[in-house]
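*Asks:* Have a look at this prediction, sequence included:
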Amino acid sequence: MTSGGSAVMGPGGSRLGPAEREVALERMAAEEFDVVVVGGGVVGAGVALDAATRGLSVAVVEARDFASGTSSRSSKLIHGGLRYLEQYNFDLVREALTERGLLLQRIAPHLVRPVPFLFPLTHRMWERGYVGAGIALYDALSFSMGSTRGVPRHRHLLRRQALRLAPSLRKDSFVGAVQYWDAQMDDARYVMTLLRTAAAYGAQIASRTQCTGFLREGERVTGVQIRDLESGTDSKVRGKQVVNATGIWTDDIQELVGGRGQIHVKASKGIHLVVPRDRIHSSTGIILRTEKSVLFVIPWGRHWIVGTTDTEWDLDKAHPAASKVDIDYVLEHVNAVLNTPLTHDDVEGVYAGLRPLLSGESEETSRLSREHVVAHPVPGLVIIAGGKFTTYRVMAKDAVDAVAHGLDGRVAESCTDRITLVGGEGYQALWNFRYRLAQKSGVHVARIEHLLHRYGTMTEDLLDLIREQPDLGKPLAGADDYLRAEIVYAATHEGARHLNDVLARRTRISIETWDRGVGVAEEAAELLAPVLGWTKDQKDREIEYYHKRVEAERDSQAQDGDQEADARRRGAPDIVPTP
C-alpha cells in the first residue's frame, strides 16, 4: 500500500468512475464475497471500510446515488448530542464525543473541523449553573478513554460579550450565554470519501444497483439479487454474509427475506433552511431550545444552515418534502432571537431528510432511540439500524463483528480507529504548503483552500486536471464557489452518474444558489457528457429532469401540509431507469 492522497491499494485504487463501476459489476456477477453490503449511506460505507480493512472481500450495492438519503440531508454536524445529557444518556454522549475526537484528529482531518456555538441563556442564575454544568460535563466526557478533545473548552459570557460575537441577537431575548465547540463536515462528501477509502482496500462498489431479493439455500441467506437501474440488467451477487445497512429502508429490505423482522425503524423528518451569511451577523453558530428539541444556526461557507424540525413521516421515503408549515416553524423559532427577522425571501435553499429511529413504545419521534441495534435474524444476514452520523464507525464495527461470528475462520479486530481516509494523510503539510501550491499551479490561494477543505491531498488530482485542461480552472458561471474541474472529477473519480448527483451531493449548488442550480445545469451537463458517454438526447434529458426536480421541490415547499407537499414533490420523475 502507498500512503498519501490516493491511499492506493489494489486495482483501480480509490477511483470510482464509470470504468470502475463496470469492473465492480462484472466481479459481483462472477465472484463470491465475504460480505455483501446493501446500502451506500454512511453506515453502509462504514461497514464496507471496516470489513475491507479486516481483510474481507466486500461488495457494496446502492439503489440510488451514494448518500442520497439521510446521509446527505443531515445538520452536517459531528457532535455528541448535548441534549442527550438531559436524558441521562451519558454512554451515548461519551461514545459520540470519543468519535468526534478521532474524526477531527486522525480519521478525517481534511473533512471535519471545529465549529463554535453560542447557547443563549434566558433565565438568570439557575440556568447558567444548569447549562454550564451540562456543558462542562460535555467537555469532560470528550476526554474519556484517553482521547483528546480536539476542540477548545467552553466559556461563560456576559450578554455584552455574547453580542460582540453575535450582533444579530436581540438584546432582550437573552441574559447571557455559554460558548462551546463541536465539529462539522459535508455529510455527502464524507460518505463518498469513506467509499473511496473502502475501494482503496479492495471493495467493489456500484451505485444505481437495486436489491430486488435475496438468494437462499434453505434458511441461509447466500447473497442478493440486484437490478442495474442504468441498464435494466438483473444479476446475482453471492456473499457468505449480507449486511442490511439501508437506514429508513430497513423494514422494506427485511420484507424481502420474508417473515417478521427483528428491527423496526420509524422515520422522523427534519428540514433545514439555507440563508446567505449576511442575513445573520455572527462569528459563531447558535443553538436554541425549542419546545420539542433544539434549533441550530450553523455556519456553512458563505451561508447559514438553520434547522431542524422533528416530525413523524410515513410518506415517500426517497423524496421527503418540506412544507410551508415546516419552513414557517423554523423561521418563527429563529426569528424569536434575531434583530432583523428572516423571511421566505431570504431562503436560498431548503432540504428535508429522514432520521432512522428505532421504533419504541413512544409515539413521539423526538423520544425514540438514537442508539443502534445489530441483529442476525436468519443465518447469513446481519441488520444494522438506528444510531447517528457521528457514531457510524462504531455501528460499522459492531455490524462486522456480527459478520465475523457467521464466517468460518478468524477475522481480525476492527482497525478503523487508526485508518485515515483518502485525502487525509499528509493533509496538514499540504495545507501549510498552500501558498506555494497556488503559485505553482496558477490557481488562486483561496481556490486552493476551498479544494483542500473538500478533497484534502487529492486536491493534486484536480490540479492535474486543470494543468491538462486549463479551461477547467475557471469557476462555474452562476455558482462560482466551484471550479469546472470539480464537476468533471465528480464523474471520473467520485461515482456521480447523473447531473443531480453532482449538483445536489458532490457539490451543494442545489441548496447554495438562489435558483437552486438551474442556471448552471446546462454548463455542468456539458462537462459531464463526454465523461459519462451521454448522447445529446441524454444530456438534454438530464437537464430537463433537474429543472423538473427543482420545480417540484419549490412547489412542495409552498404547500401547507405533508400530504400536499408529498404529492407535489412526487411530480418529478426519477432519472433512472433510463429509457
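*Replies:* Perfect, thanks for sending it.
*Asks:* just the helices in the stretch 151-300 of the chain please.
*Replies:* For the stretch 151-300 of the chain, helices defined by DSSP state H, counting those that start in this stretch occupy the ranges 159-165, 187-200, 250-257.
*Asks:* Quick one: the strands in the stretch 201-350 of the chain, in order.
*Replies:* Using DSSP state E, counting those that start in this stretch, the strands of the stretch 201-350 of the chain run over residues 204-206, 209-217, 220-228, 233-244, 265-276, 285-289, 294-300, 303-307, 311-312, 349-358.
*Asks:* Wait, residue 316 touches residue 568, no?
*Replies:* No: counting by C-beta atoms under 8 Å, no contact exists between residue 316 and residue 568, whose distance comes to 11.0 Å. In this view, the C-beta of every residue, glycine as well, is placed from N, C-alpha and C.
*Asks:* For these two, indicate the residue with more neighbours.
*Replies:* With other C-beta atoms under 10 Å as the criterion, residue 316 and residue 568 differ in neighbour count, and residue 568 comes out ahead with 20 against 14.
*Asks:* State the distance from residue 221 to residue 253.
*Replies:* As defined by C-beta to C-beta, to the nearest Å, residue 221 lies at a distance of 11 Å from residue 253.
*Asks:* export the helix or strand of the chain with the lowest mean pLDDT as PDB, just CAs?
*Replies:* Counting by mean pLDDT, DSSP states H and E, the weakest-scoring helix or strand in the chain turns out to be helix 126-141, with a mean of 82. Listed in PDB are the C-alpha atoms of helix 126-141, where the atom choice follows Å, rounded to 0.1, in the frame of the first residue of the first chain:
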ATOM      1  CA  TRP A 126     -30.200  28.900  37.900                       C
ATOM      2  CA  GLU A 127     -30.000  28.400  34.100                       C
ATOM      3  CA  ARG A 128     -26.300  29.400  33.900                       C
ATOM      4  CA  GLY A 129     -25.500  26.900  36.600                       C
ATOM      5  CA  TYR A 130     -27.700  24.200  35.000                       C
ATOM      6  CA  VAL A 131     -26.500  24.700  31.400                       C
ATOM      7  CA  GLY A 132     -22.900  25.400  32.500                       C
ATOM      8  CA  ALA A 133     -22.700  22.100  34.400                       C
ATOM      9  CA  GLY A 134     -24.100  20.200  31.400                       C
ATOM     10  CA  ILE A 135     -21.600  21.700  29.000                       C
ATOM     11  CA  ALA A 136     -18.800  21.200  31.500                       C
ATOM     12  CA  LEU A 137     -19.800  17.500  31.600                       C
ATOM     13  CA  TYR A 138     -20.000  17.500  27.800                       C
ATOM     14  CA  ASP A 139     -16.300  18.700  27.700                       C
ATOM     15  CA  ALA A 140     -15.300  16.300  30.400                       C
ATOM     16  CA  LEU A 141     -16.800  13.300  28.600                       C
END
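*Asks:* distance of residue 305 from residue 271?
*Replies:* Distance check for residue 305 against residue 271: by C-beta to C-beta, it reads 11 Å.
*Asks:* which ones are touching residue 492?
*Replies:* Neighbouring residues of residue 492 by C-beta atoms under 8 Å, 6 or more residues apart in numbering: 15, 17, 531.
*Asks:* what's the first-to-last distance across stretch 166-178?
*Replies:* Between the opening and closing residues of stretch 166-178 there is a gap of 12 Å (C-alpha to C-alpha, to the nearest Å).
*Asks:* chain center to that stretch: distance?
*Replies:* Between the centre of stretch 166-178 and the centre of its host chain there is 31 Å, according to C-alpha atoms, centre = their mean, to the nearest Å.
*Asks:* Taking the centroid of the chain, which residue is nearest it?
*Replies:* Geometric centre of the chain, nearest residue: residue 187, 2.6 Å, by C-alpha atoms, centre = their mean.
*Asks:* thinking that residue is in contact with residue 66, fair?
*Replies:* No: at 11.2 Å, residue 187 does not count as touching residue 66 under the criterion of C-beta under 8 Å.
*Asks:* Return the residues in contact with residue 500.
*Replies:* By C-beta under 8 Å, 6+ apart, residue 500 lies in contact with 65, 510, 542, 545, 546, 549, 575.
*Asks:* ok, now how distant is the second one from residue 501?
*Replies:* Per C-beta to C-beta, residue 510 is found 11 Å from residue 501.
*Asks:* Shouldn't residue 401 be within a helix?
*Replies:* Yes: Residue 401 forms part of a helix when assessed by DSSP: H, G, I helix; E, B strand; the rest coil.
*Asks:* Would you agree it is in contact with residue 395?
*Replies:* No: shown here, residue 401 and residue 395 do not form a contact pair, counting by C-beta under 8 Å, at 10.7 Å.
*Asks:* Between these two, which contacts overlap?
*Replies:* Both residue 401 and residue 395 are contacted by residue 374, under the criterion C-beta under 8 Å, 6+ apart.
*Asks:* Give me the more crowded residue out of those two.
*Replies:* Neighbour totals were compared for residue 401 and residue 395, and residue 395 leads with 25 against 16 (other C-beta under 10 Å).
*Asks:* ok, now which ones touch the more buried one?
*Replies:* Remark: with contacts taken as C-beta under 8 Å, 6+ apart, residue 395 is in contact with 43, 46, 47, 372, 374, 384, 386, 387.
*Asks:* ok, back up a step: which of the residues in the least confident helix or strand of the chain are buried?
*Replies:* Of the residues in helix 126-141, those buried under the neighbour-count criterion (16 or more other C-beta atoms under 10 Å) are 127, 128, 131, 132, 134, 135, 138, 139, 141.
*Asks:* Residue 409 - how many residues pack around it?
*Replies:* 6.
*Asks:* hang on, it in a strand?
*Replies:* No: Residue 409 is assigned coil when assessed by three-state DSSP, not a strand.
*Asks:* Out of the strands of the stretch 201-350 of the chain, which gets nearest to residue 197?
*Replies:* With C-beta to C-beta as the measure, strand 204-206 is the member of these nearest residue 197 (10.9 Å).
*Asks:* so what does that closest one touch, helix or strand wise?
*Replies:* Taking 3 or more C-beta pairs under 8 Å, 6 or more residues apart in numbering; DSSP states H and E as the contact definition, the neighbouring helices and strands of strand 204-206 are helix 18-30, strand 58-61, helix 187-200.
*Asks:* Which secondary structure elements does the last one sit against?
*Replies:* So the one you mean is helix 187-200. Helix 187-200 makes packing contacts with helix 42-52, strand 58-61, strand 204-206 when contacts are defined by 3+ C-beta pairs under 8 Å, 6+ apart.
*Asks:* Any chance of the ones you listed in a markdown table with mean pLDDT and mean neighbour count as columns?
*Replies:* Listed next are the helices and strands packed on helix 187-200 as a markdown table, based on pLDDT from 0 to 100; neighbours: other C-beta atoms under 10 Å:
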| stretch | mean pLDDT | mean neighbour count |
| --- | --- | --- |
| helix 42-52 | 98 | 31 |
| strand 58-61 | 98 | 29 |
| strand 204-206 | 98 | 27 |
